[in-house]
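**Q** Here is a sequence with its predicted model. Questions after.
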Amino acid sequence: MKQKIKELFSQKFGTKGVMYASAGRINLIGEHTDYNGGFVFPGAIDKYIAAMINVNGTDKVRAYSVDLDAYTEFGLNEADAPKEQWARYIFGVCRETIKRGFTVKGFDTVFAGNVPLGAGLSSSAALESCFAFALNDLFNDNKIEKFELALIGQSTEHNYCGVNCGIMDQFASVFGKKNCLMRLDCRSLEHEYFPFEAQGYKLVLVDSKVKHELVDSPYNKRRQSCERVAAKLGMETLRDADMAMLDAIKAEISEEDYMRARFVIGEKQRVLDVCDALQKGDFETVGARMYATHEGLSKDYEVSCVELDFLNDVARECGVTGSRIMGGGFGGCTINLVKDELYDNFIATAKVKFNEKYGHEPAIYPVVISDGAHKCME
Ligand code: GLA
C-alpha cells in the first residue's frame with residue numbers, strides 16, 4: 001500500500017513527500033461510555049490509513065484518495081469547505097488545528113487505507129489522526145500535545161461530519177501501542193497501558209458486513225438520552241450515577257431514557273471488572289462481561305441488529321469465552337475472545353451459518369494490537 005501511495009504521489013505531483021500512518025481500533029469493553037465520562041478499553045490495530053504529504057508552497061490542499069480514486073482541492077479558510085465527505089475529514093483537521101492557534105500551510109497528499117469502512121473499526125478516526133499527527137510534525141515542531149491531536153480529530157467529527165462522538169476512537173488511534181490495550185478515564189483523561197497477552201486465547205473480529213442505513217442520527221440521539229438523564233440527576237455526565245439514583249427518577253423520565261442510562265451505568269462497572277480480571281488472568285470473567293455488554297447494547301441501548309445478535313448466538317453455541325458487538329453499532333463487527341482450541345471450529349461455523357441465513361460470509365479479522373499514529377521510516 002505504501003509503495004502504491006509513493007508511486008501515485010510522484011505521478012500526480014512529480015515529487016515525493018513524507019509518509020505518515022495511523023491505525024483503526026478495537027475496543028475490548030466500554031461502549032458508549034466515552035461521552036458519558038466513563039471508561040473505555042481500546043487498542044490500535046494493524047489496519048491503518050497511510051498518507052504521503054508534501055508542502056506545496058501555495059495556500060491550497062490538493063488531495064487524492066487512492067481507494068476512492070477521487071481528487072479534490074480546497075483552500076484553508078473556513079469558507080473553502082469541500083463538498084466531498086472524505087475531504088471534509090482532512091479539511092476539518094486543518095481547520096481545527098488552525099483554530100487552536102497552530103500553523104497549517106498548503107500541501108499535497110495521496111492517501112490510502114486498509115481499515116474496513118463501516119465495520120466499526122474507526123477508519124475516520126484513523127484518517128483524522130493521521131493528518132493531525134502529520135500537520136503537527138510538518139508545521140508545528142511537534143508542539144501540539146498528543147491529547148490535543150485526538151481532540152482535533154474529535155472536533156472534526158463534531159463540526160464537519162455531524163457526529164457527536166466521544167474521544168475513544170481518536171485517542172486509541174493517536175495513543176495506540178503495540179501489544180497494549182489502554183484504559184482511558186474519559187473524564188480525567190488519565191490513561192494506563194495494559195499489556196495484552198491472552199495466553200491460550202485469540203481475539204478475533206467477525207464482520208457482518210452490514211451497515212444499516214440510519215435516519216435521524218441515532219448515535220447522537222443515544223447521547224442526548226444520556227444527557228437528559230444526567231441533567232435530571234443534576235450531574236454533568238452519568239459517570240457518578242448509580243442504579244439507586246436512576247430508579248429514584250424513573251417516573252420522571254421516559255422508558256427509553258431509563259433503558260439507555262441503565263446500560264451506561266452497568267457498562268461503567270464492567271470495564272473496571274474486565275481490567276481487574278485481565279490482571280488476574282481470569283478470562284472467564286472477561287468473557288462473561290463481554291456477553292453482558294452485548295445483551296445491554298442489544299436490549300437496553302438498542303444499537304445492535306439481527307445479524308449481530310445472530311453472530312453473538314453462534315459464538316455462545318460454539319463455546320466462545322466472550323463475544324459482543326463492537327463500536328457505535330447498527331452493523332459492523334463482533335469482537336470475540338476464543339480459546340485456541342475452539343478457534344477453527346468457531347470461524348468455520350460462523351461462516352457457514354451466517355451465509356446460510358444472510359447469503360454472504362462474514363469477514364474475519366484476527367486482532368493484532370499495534371502502534372497508533374506515527375511517521376513512517378523510509
Ligand atoms: C463510536 C464513537 C466513539 C464511541 C463508540 C461507542 O465509535 O466514535 O466515540 O462512542 O462509538 O463506544
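**A** In hand now; what should we look at? Numbers count the residues shown, from 1 in each chain.
**Q** now for whichever strand or helix holds Tyr64, which elements pack on it?
**A** According to DSSP states H and E, Tyr64 maps onto strand 60-65. If contacts are counted by 3 or more C-beta pairs under 8 Å, 6 or more residues apart in numbering; DSSP states H and E, strand 60-65 sits against helix 2-13, strand 70-75, helix 85-99, strand 107-113. Placement of C-beta: from N, CA and C, glycine included.
**Q** Convert it to CSV, retaining C-alpha atoms only.
**A** Presented in CSV, the C-alpha positions along strand 60-65 are these (Å, rounded to 0.1, in the frame of the first residue of the first chain):
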residue,chain,number,x,y,z
LYS,A,60,-4.3,25.1,-1.1
VAL,A,61,-4.5,21.5,-0.2
ARG,A,62,-4.5,19.1,-3.1
ALA,A,63,-5.7,15.6,-2.1
TYR,A,64,-6.0,12.3,-3.8
SER,A,65,-7.8,9.3,-2.3
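**Q** That one versus helix 85-99: what angle between them?
**A** Here the directions of strand 60-65 and helix 85-99 differ by 140 degrees (axes from the mean of the first three to the mean of the last three C-alpha atoms, to 10 degrees).
**Q** What pairs with strand 60-65, parallel or antiparallel?
**A** strand 70-75 (antiparallel), strand 107-113 (parallel) (DSSP bridges).
**Q** Please enumerate residues in contact with it?
**A** Contact with strand 60-65 is made by 8, 12-13, 56, 70-76, 86-87, 90-91, 94, 106-112, as judged by C-beta atoms under 8 Å, 6 or more residues apart in numbering.
**Q** Please check the residues you listed and keep the buried ones.
**A** 8, 13, 56, 72, 74-76, 86-87, 90-91, 94, 106-112 (16 or more other C-beta atoms under 10 Å).
**Q** Tell me which of the helices and strands packed on strand 60-65 sits nearest to the ligand.
**A** The ligand sits nearest to helix 85-99 of all those, at 13.0 Å, using C-beta to the nearest ligand atom.
**Q** Tell me if that closest one is near the ligand.
**A** No - Helix 85-99 is not in contact with the ligand by C-beta under 6 Å from any ligand atom; minimum separation 13.0 Å.
**Q** Return the distance of that helix from the chain's centre.
**A** Counting by C-alpha atoms, centre = their mean, to the nearest Å, helix 85-99 is centred 18 Å from the centre of its parent chain.
**Q** got the helices and strands packed on strand 60-65 as CSV, with mean pLDDT columns?
**A** Listed next are these as CSV, based on pLDDT from 0 to 100:
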stretch, mean pLDDT
helix 2-13, 95
strand 70-75, 97
helix 85-99, 97
strand 107-113, 98
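**Q** got a markdown table for those, with distance to Pro366 too?
**A** A markdown table is the format used below for those (distance: least, C-beta to C-beta, whole Å):
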| stretch | distance to Pro366 |
| --- | --- |
| helix 2-13 | 22 |
| strand 70-75 | 31 |
| helix 85-99 | 27 |
| strand 107-113 | 18 |
